[in-house]
Every structure is written in C-alpha cells, then in structure tokens.
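Undergrad: Give me coordinates for this.
(one chain, ligands or ions: 2)
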Amino acid sequence: MENRYAVGPEQTKQFTTEQLRNEFLMESLFVSGEINMVYSHYDRVVVGGAIPTGSTLKLDAGDFLRTDYFLERREIGIVNIGPKGTVNVDGEVYELNKRDCLYIGLGKKEVTFESEDTSNPARFYFVSALAHKEYPTRVLPIAEAEPTKLGSDAESNNRTIYKYIHSEGIQSCQLMMGMTLLEPNNMWNTMPAHIHDRRMEVYLYFDMEEESRVFHFMGQPHETRHLVVKNEQAILSPPWSIHSGVGTNNYTFIWAMAGENYTFKDMDFVKMEDLK
Ligand SMILES: O=C[C@H](O)[C@@H](O)CC(=O)C(=O)O
Ligand SMILES: [Zn+2]
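TA: Ligands and ions are numbered 1, 2, ... in the order given. This is a model prediction of the structure:
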C-alpha cells in the first residue's frame, strides 16, 4: 500500500512535472500476479489493481489500515477490465466478465480475486471508501448499467456514461462508480469541464494501445496542468480540480467518487472563459 497525502491548490501550482506525477498519477496499479494499492488522504479512498496469474490474490488490510480486515470500516467497488474472473466474498463466488461491476458492502471479511484462465488473466480495478453501514453485495453487468449519452461528434466528445454505483443503481454509503465509453473518433472526455468541491474523483484510463497517451487536465480552472497518461494508469482528482482529458487514440475510463454528498449531478461547470 502506497500512501499519498492530500495536497492543496496553492502547493500544487509550484510543482514540477515529476512532483505532479508523484502526487496525482498512479502509474503501476496493474502488475501481473500482484495486487497493488494506493491510499489517498482525499476522502481516504483506496485505489487498486489486481491481476491474478497463479493462485488467488487476497484483499488484505495488512498493517496499513490497522483494522482486522480490509472491509471492517469500508465498502468497495470492483470492475473487471480484462478477461473473465471471479471474486470470492466470504465463500460466495461472483463472476465478472469484462466491464462488469461488483459492489461489496461493509463488514465482509474475506475477499479474493481469481482468473478463469491464468494465462489470460482477469484485471480487477477497485476503489474503496469509508462506510457507515452495510449495503447488499451485488453484481451489475455492464449491459444492465444505466447509460447516459453526452457530447457530440462536432465537439469530439460523443460518449456514453454508464453508472454502476449511484443513487438509482447499486446502493452504497458514499462510493459512486461508473464507466465512460467514447464513440470511435471522439477523443475528449468531460469537456466542458466541471468541479465538485464536495467530492474527490478517481479516473482510470484503459483499453488503450501501448503507444497511445491521454493528456489529462487537472488543477483549478484558472491554473491548469496536465498529466500524460498511459494505458491502465489512474489519476487522483482532488475536489478543487477539473478532470478532463484528450487522447491520441480512442480510450475508455472508469470514474469513481467519494465525499460529502451522493448527488451525481452536483457539478459546477466551468465557463470556457474561466479556463486558463
Ligand atoms: O463527476 C462526474 C465524472 O467526472 C464523470 O461522470 C464525467 C464523465 O464521465 C464524462 O463527462 O465523460
Ligand atoms: Zn467529476
């Protein structure tokens, strides 16, 4: 578990490219045969990746959380971004095909990840937030997630947002999670940009070619910076920051939020003349 403290906008202004990347970019969540996690102090979310290639990989609190088990005080959303795999939750087995989501509620003690075919392993992405009560553990296949069409070809941002965990989908304490698919030849996400000072957000970019890059924009609207992102890398987006990107090729991303309210539409859109 890697620790990341929360930094503020005034400090962030002074950062070099390397410092920006160290604070906000998670470059190596996905490593074959490993489970890797980052603990962020923005709303205390844990972001992780697991690629089970041999035996199962266990979601473990280790000595970092100082709880007896990972979900003792937490809930978690998991999306498989690779070939078929299973998640075992206290003996109950959940199958996840590519793009399916599993939510596990507070208090479940043992969570393990497994691939159906270890030579072509599953790739589990997850985001966990603090929880105050147990909501039912539930799978939502991508086909049953609620789609919302946004953008247009003319603006190069024609895309569909699928919501998995939110007030009208899988219920949770504070975690919201979904996936955005761009139509072919559309490269912009979340432009016009927005901020929501009441919630932090995590972005995972994937389904990208090795040579493709996303230029992810962050920062206060009048003080933007960018991060150059490769396939299966994730971004911590502070509550004071925009989060928007443009790719050199098509890509998909998973967004997750945690924080004060549970209102997906709570977003303050940034006027174009205010972006600097
Ligand atoms: O607060 C909401 C999140 O930023 C995402 O839902 C935005 C997004 O997926 C998009 O516009 O493409
Ligand atoms: Zn947002």
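Undergrad: For the rest of this, base every contact and every neighbour count on C-alpha atoms.
TA: Will do.
Undergrad: For the nearest residue to residue 47 once chain neighbours are set aside, list each beta-bridge partner.
TA: Once flanking residues are discounted, residue 47 sits nearest to residue 127: 4.6 Å by CA to CA, 6 or more residues apart in numbering. Under DSSP bridges, the beta-bridge partners of residue 127 are residue 47, residue 77.
Undergrad: so how far is residue 271 from residue 127?
TA: 30 Å (CA to CA, to the nearest Å).
Undergrad: just checking, residue 6 touches residue 44?
TA: No. Applying CA atoms under 8 Å as the test, residue 6 and residue 44 come out as separate, 9.4 Å apart.
Undergrad: Neighbour count: the two, which is higher?
TA: Neighbours were tallied for residue 6 and for residue 44 using other CA atoms under 10 Å; the higher tally belongs to residue 44 (18 against 14).
Undergrad: The more buried one is in contact with residue 127, isn't it?
TA: No. Using CA under 8 Å, residue 44 and residue 127 do not qualify as a contacting pair, with a distance of 10.4 Å.
Undergrad: Just want the phi and psi numbers for residue 9.
TA: Note on residue 9: backbone dihedrals following degrees, to the nearest 10 are phi -70, psi -30.
Undergrad: what sits against it?
TA: 219-220, 240 (CA atoms under 8 Å, 6 or more residues apart in numbering).
Undergrad: likewise residue 259?
TA: Residue 259 touches 43, 174-175, 198-200, counting by CA under 8 Å, 6+ apart.
Undergrad: Would you mind measuring from it to residue 238?
TA: Distance from residue 259 to residue 238, counting by CA to CA: 11 Å.
Undergrad: who touches both of these two?
TA: 199-200.
Undergrad: mind listing what the closest residue in space to residue 64 that isn't next to it in sequence touches?
TA: Distances taken as CA to CA, 6+ apart put residue 1 closest to residue 64, at 7.1 Å, once the chain neighbours are dropped. Contact analysis of residue 1 by CA under 8 Å, 6+ apart lists 36-39, 64.
Undergrad: In strands, which of the residues you listed fall?
TA: If you go by DSSP state E, the contacts of residue 1 have 36-39 in strands.
Undergrad: still on that earlier bit, please produce a ChimeraX select command covering the buried subset of the contacts of residue 1.
TA: In ChimeraX syntax, the buried subset of the contacts of residue 1 is picked out as below (16 or more other CA atoms under 10 Å):
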select :36,37,38,39
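Undergrad: Export the contacts of residue 1 to a markdown table and append columns for pLDDT and distance to ligand 1.
TA: Formatted as a markdown table, the contacts of residue 1 follow (pLDDT from 0 to 100; distance: CA to the nearest ligand atom, whole Å):
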| residue | pLDDT | distance to ligand 1 |
| --- | --- | --- |
| 36 | 98 | 24 |
| 37 | 98 | 22 |
| 38 | 98 | 20 |
| 39 | 98 | 20 |
| 64 | 95 | 29 |
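Undergrad: Surely residue 187 and residue 252 touch.
TA: No. Contact criterion CA under 8 Å: residue 187 and residue 252 do not qualify, at 9.8 Å.
Undergrad: nearest spatial neighbour of the closest residue to ligand 1 within the chain, skipping sequence neighbours?
TA: Closest residue of the chain to ligand 1, CA to the nearest ligand atom: residue 190 (3.5 Å). Of all residues not flanking residue 190 in the chain, residue 244 sits nearest, at 4.9 Å (CA to CA, 6+ apart).
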